[in-house]
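Participant: Pasting the sequence and the predicted model now:
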Amino acid sequence: MDTDINQDHENNDILDRAINGDQEAFSILYQDNIQKIYSYIYYRTGNVKDAEDLTARVFQRALKHITRYKRTKVPFSAWLYRIAHNLVANWHRDSKHKRELPLEDHAYIQSKTTVPEKQIENHQQVESLMRVIRKLPQDRQQLLILKYVDNLSNREVGTIMKKSEGAIKSLYHRTLKELRQYIDEDQFL
Amino acid sequence: MSSVNETYDIEQKLGSLLGPVSPQEGFVGELQDRLRKKAKIAIEKPDYLVLILLVMSGLVFGIILFWLFKMLFRLLAYGKR
C-alpha cells in the first residue's frame, strides 16, 4: 500500500534536479502525480471544470515553490496533496461553489465495469454515494477520498493530514459510522 | 451487530464504487505546456545572501564612520581646550 510514497524515495535524484530548477525533472514529477491530484480534487469538488482549474493551480504553486520544498520533511506527493487540500478548502469556503455532482462529469471515471448499462448504473451509484459523503465534515471527506480513490494507507493519509496513524484509524472508524447513519437515511443508496 | 459488521458493507461499497479519475488528455498536455512556458519566463528572485551581506557591510561601515566622527569631535574638543 505504501507504493506511491515509497516511489518518492526512489526518485530522489529526479526530485533533487527539479528542486534545482530542472524543467524536465519537474515534468516527470508532474506526469507521476497528475492523475492522483486530479482524482483527489475531482471528488472533493464534484465537477471537471473546477477540478481542472484547481489541479492547474496545485502544479503552478508547486513549480513556484519547489525550491523551498524540503525532501526530508514529507514525500513530494504528500506535499502536493497538502497544496491541493489547502486550495480545495479555500474553494469550499466560497459558498457559491457548492453544488451537486453532475452525472455527465463522470465521463472519465475508470469504471470497474465495461457493460454500458452497468456503467450508467455505476455512475448513478457513485453520484448518490458522493452526495452522502459530502454531508461529512471536510476532514472525513478527505480521509475517505485519500483511502479509497488514491488507495493510500493510514500512515500515508496521516502524513498528508498531519495526524498520527492511530488518529487516522480512529477517525476512519468514526467516519464509517457516521456514513452508515447517512446511508441509512438516504433512500437512493 | 458488532461494529466491524456494521461498517463492513460500507467499506465494500466504497471500495467498489470509488476509483481514480483520469483527466482529459488535452488538459494534461496543455497544463504541461503552460508549466513549461511559465518556468521559462520565471523571474529570478533576488539573492538574499548578497542582500544580507550588503546590509551587514553597510551597518559595519556606518558604525566605523560613527566611531571615526566621534573620535574626530573628541580630538577637536580636546584641541580647543
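Facilitator: Arrived safely, thanks for sending. Keep in mind that what you see is a predicted model, and the values were worked out from it rather than measured.
Participant: check contacts around the residue nearest the centre of chain A.
Facilitator: Closest residue to the average C-alpha location of chain A: residue A:40 at 2.1 Å, with C-alpha atoms, centre = their mean. Counting by C-beta atoms under 8 Å, 6 or more residues apart in numbering or on different chains, residue A:40 touches A:81, A:84, A:145-146, A:149-150. To be clear about C-beta, it is placed using only N, CA and C from the backbone, and glycine gets the same treatment.
Participant: what mean pLDDT does the longest helix anywhere in chain A have?
Facilitator: Longest helix in chain A, counting residues (DSSP state H): helix A:23-45. Mean pLDDT, helix A:23-45: 93.
Participant: Go through it and flag the buried ones.
Facilitator: Residues of helix A:23-45 classed as buried: A:25-27, A:29-30, A:32-45 (neighbour count, 16 or more other C-beta atoms under 10 Å in any protein chain shown).
Participant: tell me which helix or strand of chain A sits lowest on mean pLDDT?
Facilitator: Lowest mean confidence among the helices and strands of chain A (mean pLDDT, DSSP states H and E): helix A:3-10, at a mean of 54.
Participant: Check whether the host helix or strand of residue A:80 comes into contact with chain B.
Facilitator: Element membership of residue A:80, judged by DSSP states H and E, is helix A:76-93. No. On the criterion C-beta under 8 Å from any C-beta of the partner chain, helix A:76-93 is out of touch with chain B, staying 13.2 Å away.
Participant: chain center to whichever helix or strand comes after that helix, what's the gap?
Facilitator: Toward the C-terminus, helix A:76-93 is succeeded by helix A:116-133 as the next helix or strand (DSSP H and E). Chain-centre distance of helix A:116-133: 19 Å, with C-alpha atoms, centre = their mean, to the nearest Å.
Participant: and the helix or strand just after helix A:116-133, anywhere near chain B?
Facilitator: As assigned by DSSP H and E, the chain's next helix or strand after helix A:116-133 is helix A:138-148. Yes. Contact of helix A:138-148 with chain B (C-beta under 8 Å from any C-beta) involves A:144-145, A:147-148.
Participant: What is the helix or strand following helix A:138-148 packed up against?
Facilitator: Downstream of helix A:138-148, the next assigned helix or strand under DSSP H and E is helix A:154-161. If you count contacts as 3 or more C-beta pairs under 8 Å, 6 or more residues apart in numbering or on different chains; DSSP states H and E, helix A:154-161 packs onto helix A:3-10, helix A:76-93, helix A:138-148, helix A:165-185.
Participant: Mean neighbour count for these - can I get that in TSV?
Facilitator: Output for the helices and strands packed on helix A:154-161, formatted as TSV (neighbours: other C-beta atoms under 10 Å in any protein chain shown):
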stretch	mean neighbour count
helix A:3-10	14
helix A:76-93	19
helix A:138-148	20
helix A:165-185	15
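Participant: can the ones you listed go into a markdown table with extra columns for distance to residue B:33?
Facilitator: As requested, these are exported to a markdown table (distance: least, C-beta to C-beta, whole Å):
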| stretch | distance to residue B:33 |
| --- | --- |
| helix A:3-10 | 25 |
| helix A:76-93 | 19 |
| helix A:138-148 | 28 |
| helix A:165-185 | 37 |
